[in-house]
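Student: Only the shape, not the letters, is given here:
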């Protein structure tokens, strides 16, 4: 039960942090590959090239600029 409550709290926190501004996640810096893993969200918006692209599987840090599919990234960030 405690695990479910913690998961619900963390999910709510992440949704709240990432949904205040529709383009906020798109504009956050995407760090280079490191020791962290992001296998479930391999796509992100590259603000330097202004395109959605596959990111290194080892990126970490920015929790809002991660998308499961290229289409999800384009839907959220294409207006930039």
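Tutor: Arrived safely, thanks for sending. This structure is a prediction, so every number in the text was calculated from the model and none was measured.

Student: For residue 75, grab phi and psi.
Tutor: phi -60, psi -40 (degrees, to the nearest 10).

Student: Can we start the residue count at 11 from this point?
Tutor: Sure, I'll start counting at 11 from here, so that last one is residue 85.

Student: so how many other residues sit close to it?
Tutor: Applying other Cβ atoms under 10 Å, we find 12 residues neighbouring residue 85. Where you see a C-beta, it was placed from the backbone N, CA and C, and this is true even at glycine.

Student: Please tell me how far it sits from residue 63.
Tutor: Distance, residue 85 to residue 63, using Cβ to Cβ, to the nearest Å: 15 Å.

Student: what does residue 75 give?
Tutor: For residue 75, the distance to residue 63 equals 11 Å [Cβ to Cβ].

Student: what residues are shared contacts of those two?
Tutor: residue 54 (Cβ atoms under 8 Å, 6 or more residues apart in numbering).

Student: out of the two, which sits in the busier spot?
Tutor: Higher neighbour count among residue 75 and residue 63: residue 75, with 27 against 13, using other Cβ under 10 Å.

Student: Pretty sure the more buried one sits against residue 56.
Tutor: No: Residue 75 is beyond contact range of residue 56, at 9.2 Å (criterion: Cβ atoms under 8 Å).

Student: sec struct for residue 55, please.
Tutor: Three-state call for residue 55 (DSSP: H, G, I helix; E, B strand; the rest coil): strand.

Student: That one pairs with what?
Tutor: Legend: beta-bridge partners of residue 55 under DSSP bridges are residue 62.

Student: Let me know how buried it is, in neighbour terms.
Tutor: 28.

Student: mind checking pLDDT for it?
Tutor: At residue 55 the predicted local confidence, pLDDT, stands at 87.

Student: Could you do the one 10 residues further on as well?
Tutor: Confidence per residue is given as pLDDT, and for residue 65 that number is 80.
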